[in-house]
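Novice: Sharing a model that was predicted from the sequence below.
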Amino acid sequence: MEESSKLALPDAFLDFLQVNGLDPSIYTASDSTPRYIRLKPGCEAYLEEVEAEMKCKIEKVDWLPGFYSLPPDIQIASSKAYQEGKIYGIDAASGAAVLALDISAGDHVLDLCAAPGAKLCMISDLLGGSGSVTGVDVASHRLAACRTMLQKYALGDRCRLFVGDGTTFSLLPVGFHSESKSCESALEGKGDAFREWTSRRPYKERKKATKARKTVASQLVLGSQHPELIFYGRHSGVVGLTRSELYQSGCDSEVSSQGYDKVLVDAECTHDGSIKHIQKFEHWGWTTLQHRVLDAERTDSLTTLQLKLLSNGFRLLKVGGSLVYSTCSLTVAQNEDVVQKFLKENASAELQEINGAKNWPCKSGQIPNTLRFDPLTSQTSGLFVAKFLKLAI
Ligand SMILES: C[S@@+](CC[C@H](N)C(=O)[O-])C[C@H]1O[C@@H](n2cnc3c(N)ncnc32)[C@H](O)[C@@H]1O
């Protein structure tokens, strides 16, 4: 980690920080930010074993149940506990964003920007043996990594994953069956129903899936059509459904009562609050940072994307349900400004105070009830968090 304290940020990034009023010192003064892990419920007894194996003291994070902190330079990937799926790495600020959802038993949760899936794992963990979680991401390779993670930690039982555009995703939670079922569905026999998911599908099915994937990819480019289902757990509610039952959208009034209980929109952003992510560009090359993060056209369209993701996530929420919007950017443009625009356009949205946040090591955002984690004050990665309630109007 000593390396990072000498990190020489390129001019373009320093300009970006200056324009957005951000202090560059967070990228050089964060060497002491701990690494965080979450222990799978029921694995607490392994803690001593993990400490002995990693040869370090693992501290309980008092304000975040199930979380532990390790010294920053400890690598967890080679540990037995990690390989056996007893622990997974997730930053404490990310854990707080999931906790802000206030997940209860039986909730149907939508994670609209799910990959690579640390927050989705925690959501599945919190749901335990009830409810369901639907993960959506536009990047199929990243979502495939998320699927691997869910399987590795045995957390995917109630999960379904779709490759699709979160700004247009419209599928309701599992178990929702519209009274006005489509004729296609009524006529269709159950012969075509989804069977238990397996990664080793017969050749014929794989061929069909490849064809469907190609069609989906071209349809995604055109901004329409069904998202591709790439994983579903045994108790996700998908087994036994026909395609037309799975792909039901529901009208607005149906969404109000049958939509998701909780929605997480952990939106695509410039990742400038994730120090570890920015440090990686030292190896990837600073020009990559310029293309991927700082390109003006991209940053402009990014806030539009964030607003669309937030609006669509909120549309899919049932009345009385809550949505958490988060980004790992520290800029006001991608956080408070998006929230302000969203509130202006959505009279049924109310910013909510986040339960328990008084004990969290974060600051208030520029709008009351919004929160900001940053490496200097929180000893976590940077994260903005806002929570909305959907009112009946
Ligand atoms: C900050 S990352 C999400 C991290 C994830 N929640 C986790 O905890 O691991 C943002 C994600 O948004 C995805 N994304 C970008 N545009 C999207 C879109 N239009 N619809 C859905 N996902 C999108 C990216 O592929 C990326 O995986």
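Specialist: All right, it came through fine.
Novice: Could you say which helix or strand holds the residue nearest to T167 when sequence neighbours are not counted?
Specialist: Leaving aside its sequence neighbours, T167 sits nearest to K308 (C-beta to C-beta, 6 or more residues apart in numbering; 4.0 Å). All C-beta spots, glycine's among them, are computed from the backbone N, C-alpha and C. Assigned by DSSP states H and E, K308 belongs to helix 296-315.
Novice: chain center to the next helix or strand after that helix, what's the gap?
Specialist: As assigned by DSSP H and E, the chain's next helix or strand after helix 296-315 is strand 317-327. Mean C-alpha position of strand 317-327 versus that of the full chain (C-alpha atoms, centre = their mean, to the nearest Å) differs by 13 Å.
Novice: Ok, stretch 56-67 next?
Specialist: With C-alpha atoms, centre = their mean, you get 22 Å for stretch 56-67.
Novice: Mind listing residues that contact that stretch?
Specialist: Residues external to stretch 56-67 that are found in contact with it (C-beta atoms under 8 Å, 6 or more residues apart in numbering): 34, 36-39, 41, 47, 50-51, 68-71, 74, 90, 92, 95-96, 99, 125, 356, 359-361.
Novice: Straight-line length of that stretch, end to end?
Specialist: End-to-end distance for stretch 56-67, by C-alpha to C-alpha, to the nearest Å: 16 Å.
Novice: near the ligand, which residues of the protein show up?
Specialist: Within the chain, the positions near the ligand by C-beta under 6 Å from any ligand atom are 94, 113-119, 136-139, 142, 165-167, 266, 268, 328.
Novice: what's the pLDDT at the nearest residue to T331 once chain neighbours are set aside?
Specialist: Nearest residue to T331 in three dimensions, chain neighbours excluded: N20, at 4.2 Å (C-beta to C-beta, 6+ apart). Looking at N20, its pLDDT is 91.
Novice: how deep is N20 tucked in, by neighbour count?
Specialist: By the criterion of other C-beta atoms under 10 Å, N20 has 16 neighbours.
Novice: how close does it sit to Q366?
Specialist: 13 Å (C-beta to C-beta, to the nearest Å).
Novice: Could you measure from G356 over to G273?
Specialist: With C-beta to C-beta as the criterion, G356 and G273 are 21 Å apart.
Novice: nope, Y260 is what I meant
Specialist: 26 Å.
Novice: Kindly report the same for S257.
Specialist: Counting by C-beta to C-beta, the gap from S257 to G273 is 37 Å.
Novice: higher neighbour count, the two?
Specialist: Higher neighbour count among S257 and G273: G273, with 27 against 11, using other C-beta under 10 Å.
Novice: wait, doesn't that one sit right on N335?
Specialist: No - G273 is not in contact with N335 according to C-beta atoms under 8 Å; the separation is 9.6 Å.
Novice: Which neighbours do the two have in common?
Specialist: Joint contacts of G273 and N335 (C-beta under 8 Å, 6+ apart) are 327, 329, 384.
Novice: Just the closest of these to P10, please.
Specialist: Closest approach between those and P10, by C-beta to C-beta: S329, at 17.9 Å.
Novice: Low-confidence ranges, the stretch 251-393 of the chain, go.
Specialist: For the stretch 251-393 of the chain, the stretches with pLDDT under 70 are 296-297.
Novice: All the helices of it, residue numbers only.
Specialist: 252-258, 275-284, 286-289, 296-315, 336-345, 375-378 (DSSP state H, counting those that start in this stretch).
Novice: Using CSV, lay out these together with distance to S78.
Specialist: Below are those laid out as CSV (distance: least, C-beta to C-beta, whole Å):
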stretch, distance to S78
helix 252-258, 45
helix 275-284, 18
helix 286-289, 27
helix 296-315, 35
helix 336-345, 39
helix 375-378, 25
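Novice: which stretch among the ones you listed comes nearest L161?
Specialist: Comparing the helices of the stretch 251-393 of the chain by C-beta to C-beta, helix 296-315 comes nearest, at 16.4 Å.
Novice: related to what we said a few turns ago, now rank the shared contacts of G273 and N335 by neighbours and give me the top one.
Specialist: Result: F384 is most packed of the shared contacts of G273 and N335 (other C-beta under 10 Å), 30 neighbours.
Novice: Does it touch N335 like I think?
Specialist: Yes - between F384 and N335 there is a contact under C-beta under 8 Å: 4.0 Å.
Novice: okay, and the common contacts of those two?
Specialist: 327, 329, 365, 370, 372.
Novice: From these, which land in strands?
Specialist: In strands, judged by DSSP state E, the following of the shared contacts of F384 and N335 are found: 327, 372.
Novice: what's the farthest-apart pair in the shared contacts of F384 and N335?
Specialist: S329 and T370 (13.3 Å).
Novice: Report the set of residues contacting both of those two.
Specialist: With C-beta under 8 Å, 6+ apart, S329 and T370 have common neighbours 335, 384.
Novice: thinking again about what came up before, list only those of the residues of the chain next to the ligand flagged as buried.
Specialist: For these, a neighbour count by 16 or more other C-beta atoms under 10 Å gives the buried set as 94, 113-119, 136-138, 165-167, 266, 268, 328.
Novice: Report pLDDT for the residue positioned nearest the centre of the chain.
Specialist: For the chain, A114 is the residue whose C-alpha lies nearest the centre (C-alpha atoms, centre = their mean; 3.8 Å). Predicted confidence (pLDDT) at A114: the value is 98.
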